[in-house]
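Engineer: what would the 3D arrangement of this be:
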Amino acid sequence: MTARREAEWEAELTASLGYAVRVEFMRARSSPIQLRHPRPEELREQPRLKGGWVVRLHKVFEQAPPEIRKDLASWIRVGRRAPRACRELGSWIELALGELPKRAPRRVHLQPIGKTHDLRTIAAGLWDTEFRGEFGDECKAPGLTWGKRAKSRSRGSIQLGSYNSTQNLVRIHPVLDQPAVPRWVIRYVLFHELLHAAIPSERSRAGGNILHHGPRFRRREEVYVDYKRALEWEAQHLPKLLRSARANKPLRSSKELKG
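Structural biologist: Got it, this is the predicted structure:
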């Protein structure tokens with residue numbers, strides 16, 4: 001069954017994208033879609049993959065409906081420039097993974113102290129201001145950690161932070177752990193991810209899509225003191241951060257980014 005489904009996906013994505021694609025199913029719930037360039041040994045076995053992609057998908061995609069297949073092709077083609085496809089794809093993945101049997105959370109070794117910034121000190125003020133009284137015995141404060149340092153395989157976007165509700169963990173991309181990145185930018189990214197812990201995702205009024213940034217979330221975020229300033233900073237400097245992450249190298253000079 002799996003081999004046949006992989007072949008079906010490969011044929012459909014190849015036809016939709018216009019270049020060769022290899023599809024592999026796997027069981028990684030934290031990264032249900034993984035995209036990478038073919039390795040040299042894979043190109044020797046399948047020369048047609050030159051200029052194409054190896055797409056690894058969680059096994060729930062074996063039963064994905066036709067519209068989700070189209071959304072995945074759109075995401076591979078243009079990334080976040082296909083907002084509707086991203087939204088529909090994200091909602092479907094969350095629902096599909098949510099129906100799987102629960103697994104015991106994997107223990108995570110927290111590393112909040114980076115080479116330049118300490119997430120604990122940056123987040124300290126958030127507990128007594130933006131989140132005063134929201135975390136306690138019933139709703140424990142999330143753990144904070146920097147992500148692993150490695151070359152990024154992202155094509156055209158970068159996720160600066162994430163919140164894992166199963167692990168109750170906020171993870172910040174290590175590309176922000178540089179002297180050139182202002183502390184207030186990291187503080188905003190922390191605020192955004194902690195807000196996910198304080199305000200869980202909700203369904204739309206129509207009862208369809210899951211809203212990760214629903215009305216309550218948006219209202220809280222938009223009154224954050226550095227909300228607009230942080231978004232402008234991200235929009236201005238994201239390409240440089242992306243290049244830094246892809247090469248796993250620091251910015252050449254602290255003057256490359258200006259807060």
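Engineer: next one: the residue minimising distance to the centre of the chain from residue 234, what distance?
Structural biologist: Centroid-nearest residue in the chain: residue 159, 4.7 Å away (criterion: C-alpha atoms, centre = their mean). Here the distance between residue 159 and residue 234 works out to 12 Å (C-beta to C-beta, to the nearest Å). Heads up, the C-betas are built off the backbone N, CA and C, glycines and all.
Engineer: doesn't the residue nearest to the centre of the chain belong to a helix?
Structural biologist: No. Residue 159: not assigned to a helix; according to DSSP: H, G, I helix; E, B strand; the rest coil it is coil.
Engineer: can you tell me which residues contact it?
Structural biologist: Residue 159 makes contact with residue 173, according to C-beta atoms under 8 Å, 6 or more residues apart in numbering.
Engineer: distance of it from residue 194?
Structural biologist: On the measure of C-beta to C-beta, residue 159 and residue 194 end up 16 Å apart.
Engineer: ok, residue 144 next?
Structural biologist: According to C-beta to C-beta, residue 144 stands 9 Å off from residue 194.
Engineer: quick one: low-confidence ranges for the stretch 1-150 of the chain?
Structural biologist: Along the stretch 1-150 of the chain, the model assigns pLDDT under 70 to residues 1, 103-106, 150.
Engineer: tell me where it has strands.
Structural biologist: For the stretch 1-150 of the chain, applying DSSP state E, counting those that start in this stretch gives strands covering 21-26, 33-36, 53-58, 143-146.
Engineer: in its sheet, what does the third one sit against?
Structural biologist: Take DSSP bridges as the rule and strand 53-58 pairs in its sheet with strand 21-26 (parallel), strand 33-36 (antiparallel).
Engineer: in the longest one, what counts as buried?
Structural biologist: Looking back up the chat, that one is strand 21-26. For strand 21-26, the neighbour count (16 or more other C-beta atoms under 10 Å) marks 21, 22, 23, 25 as buried.
Engineer: could you list the domains of this protein?
Structural biologist: 2-98, 119-256 (automatic domain parsing).
Engineer: residue 113: which of those domains is closest?
Structural biologist: Of all the domains of the chain, domain 119-256 sits nearest to residue 113, with 7.5 Å by C-beta to C-beta.
Engineer: helix, strand or coil for residue 240?
Structural biologist: helix.
Engineer: surely residue 33 and residue 57 touch.
Structural biologist: Yes. Between residue 33 and residue 57 there is a contact under C-beta atoms under 8 Å: 6.1 Å.
Engineer: anything in contact with each of the two?
Structural biologist: By C-beta under 8 Å, 6+ apart, the residues touching both residue 33 and residue 57 are residue 72.
Engineer: give me the more crowded residue out of the two.
Structural biologist: More neighbours surround residue 57 than the other of residue 33 and residue 57, with 22 against 15 (other C-beta atoms under 10 Å).
Engineer: the more buried one against residue 25, yeah?
Structural biologist: Yes. At 5.7 Å, residue 57 and residue 25 qualify as touching, with contact defined as C-beta under 8 Å.
Engineer: all helices for the stretch 101-250 of the chain, in order.
Structural biologist: According to DSSP state H, counting those that start in this stretch, the stretch 101-250 of the chain carries its helices in the segments 119-128, 183-198, 215-222, 227-247.
Engineer: I'm done for today, thanks for sticking with me.
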